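**Q** Mind folding the following:
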Amino acid sequence: MSQNGTTAPGAGAQQQLRRSLGFRDLVVYGLLFIAPMAPVGVFGTLDAKSHGAVALVYVVATIAMAFTAFSYSQMVRVVPQAGSVFAYARAGLGNGAGFIAGWMAMLDYVLIPAVAYLFSGIAMEALVPEVSRWVWTAIAVVVTTLLNLWGVRTAARVGFLVLAMEIVVLVVFVITAIVVLAQDGAERDWLSPLSGDGTQGAFALSAVVGAVSVAVLSYLGFDAIATFAEEVTGGSAKVARALLFCLALAGVLFVAQTYLVALLEPVSSAQLAAEPERQGSAFYDAVDASVGTWLHDLVAVSKAIGAAFAALAGQAAAGRLLFAMGRDRRLPGALSRTDSGVPRVALLVSAVITMAAAVWAARRDDGLDHLVSVVDVGALTAFTLLHASVVGWFVVRRGGGGAVGWWRHLLVPVLGAAITVAVIVEASGTAQVVGAIWLAVGLVVLAVQWRGRRDSDAAGV
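**A** Predicted structure coming up:
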């Protein structure tokens with residue numbers, strides 16, 4: 001595809017995607033991937049880390065991720081391609097950086113769906129313990145893969161119904177929590193979700209920043225919207241608006257629910273910090289204690305279904321990334337084939353890899369820990385290269401063709417890159433090691449490709 005067109009250089013009819021998505025469809029995919037109730041699983045961890053200022057953590061995290069969303073909105077307007085950060089880094093920094101950006105994003109796009117499928121399997125096993133979690137996990141992969149193979153428009157329609165269900169459950173929680181707080185009062189001070197509960201000492205900004213490094217993971221996936229740039233009707237500006245809208249809406253939902261559940265939480269942040277085994281179920285425990293098990297079960301069912309469809313959106317994004325890298329001959333060319341505008345080969349390859357990772361993890365007691373520990377580094381490294389590509393395209397290469405907007409094209413991406421690098425530094429040692437190994441493998445693949453092309457050029461091929 002040219003930088004302002006719809007088809008890659010040399011792309012044939014079997015390398016084009018069908019335009020069928022509108023603004024609502026893009027937002028649906030973004031919110032499905034993020035999941036409206038993403039804070040449920042990490043609430044206890046964030047509450048303990050932030051000394052009770054969990055809502056403030058999400059305010060800061062939303063602002064931090066806004067820098068990345070803004071950089072995406074800048075690049076998608078000038079490089080409206082399916083490869084997303086792969087295409088942006090290639091345009092702004094060169095082919096090598098583009099490959100590395102796509103390679104690192106692949107780690108994220110393949111493993112995040114695996115984590116989501118595993119969450120779905122765990123939730124379904126809790127509801128139907130007679131069936132093993134790995135069986136439920138595999139079923140979730142098959143069902144959502146069939147929807148993706150059917151076409152992006154069909155998957156978006158079904159996804160909209162699932163998203164609507166999740167939003168309804170979230171609204172039920174919010175209304176119920178407000179009623180309980182009005183009748184019985186709050187367990188903590190009304191401002192404590194923004195200022196801390198005081199049980200671990202005075203407010204500490206460092207504690208909030210440390211928790212933000214975990215909260216940022218709740219937003220991973222909104223960038224998947226950019227991978228559908230070649231399938232949207234009405235131009236790439238619609239993709240840019242959807243990116244910013246999706247992040248803002250997710251931020252509002254995350255802040256609202258964590259603020260309310262923090263007020264309902266009968267356990268202090270100090271207790272959660274001292275007893276880490278209670279952190280994973282802290283959200284559910286607070287709901288049980290204040291409302292009852294019926295809301296707990298409702299949230300659990302919503303999470304089981306929502307997780308599977310978060311994986312659907314992630315698998316679709318992974319398929320588009322593989323398609324774009326195959327079309328650019330950075331991965332096997334067969335990945336760039338389409339059938340009626342659907343990249344079915346890339347989707348099937350993505351599904352097989354995700355199925356293997358998810359089922360492997362589902363059959364191990366420590367499988368979830370292994371997956372969760374590595375999903376963030378790939379995305380954050382790709383985000384860093386995204387910010388660099390904005391500077392490279394608009395400031396260095398002057399690809400915008402006009403005057404450089406210093407705050408849009410330099411200040412925002414530089415600050416955004418500083419944030420993503422800081423989060424990588426705060427990541428776990430395991431995640432950093434796995435990310436470094438994956439990067440090293442990518443560099444080897446890039447070197448082999450470069451040598452192969454050099455030899456072909458020398459031979460006159």
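**Q** which residue ranges form the helices in the stretch 201-350 of the chain?
**A** Assigned by DSSP state H, counting those that start in this stretch, the stretch 201-350 of the chain shows helices spanning 205-215, 237-264, 269-274, 282-290, 293-327, 344-362.
**Q** Tabulate the ones you listed in TSV, adding columns for mean pLDDT.
**A** Below are those laid out as TSV (pLDDT from 0 to 100):
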stretch	mean pLDDT
helix 205-215	81
helix 237-264	90
helix 269-274	89
helix 282-290	84
helix 293-327	79
helix 344-362	87
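**Q** Can you tell me which of these is packed in deepest?
**A** Mean neighbour count, computed with mean count of other C-beta atoms under 10 Å, is highest for helix 293-327 among the helices of the stretch 201-350 of the chain, reaching a mean of 25. Backbone N, C-alpha and C define where each C-beta goes, glycine included.
**Q** So the nearest residue to Asp189 once chain neighbours are set aside versus Leu56, what's the distance?
**A** The shortest distance from Asp189 to any non-neighbouring residue, by C-beta to C-beta, 6 or more residues apart in numbering, is to Asp197 (7.0 Å). Distance of Asp197 to Leu56, computed by C-beta to C-beta, to the nearest Å: 12 Å.
**Q** Equivalent analysis for Leu170, please.
**A** For Leu170, the distance to Leu56 equals 20 Å [C-beta to C-beta].
**Q** returning to what we had before: compare the helices of the stretch 201-350 of the chain and give me the one nearest Ala431.
**A** helix 205-215 (10.9 Å; C-beta to C-beta).
**Q** Okay, angle between that closest one and helix 237-264 too, please.
**A** Orientation of helix 205-215 against helix 237-264 (axes from the mean of the first three to the mean of the last three C-alpha atoms, to 10 degrees) gives an angle of 120 degrees.
**Q** Can you name every helix or strand that helix 205-215 contacts?
**A** If you count contacts as 3 or more C-beta pairs under 8 Å, 6 or more residues apart in numbering; DSSP states H and E, helix 205-215 packs onto helix 43-49, helix 54-78, helix 412-426.
**Q** need the contact list for Ser192.
**A** Listed by C-beta atoms under 8 Å, 6 or more residues apart in numbering, the contact partners of Ser192 are Gly52, Ala53, Gly198, Ala262, Leu263.
**Q** Confirm that the first one sits in a strand.
**A** No. Gly52: not assigned to a strand; according to DSSP: H, G, I helix; E, B strand; the rest coil it is coil.
**Q** Grab the nearest non-local neighbour of it.
**A** Leaving aside its chain neighbours, Gly52 sits nearest to Asp197 (3.2 Å; criterion: C-beta to C-beta, 6+ apart).
**Q** How about Ala300?
**A** Nearest non-adjacent residue to Ala300 (C-beta to C-beta, 6+ apart): Ala123, at 5.8 Å.
**Q** Number of residues surrounding the one you found?
**A** Ala123 has 20 neighbouring residues, counting by other C-beta atoms under 10 Å.
**Q** Perfect, that will be all.
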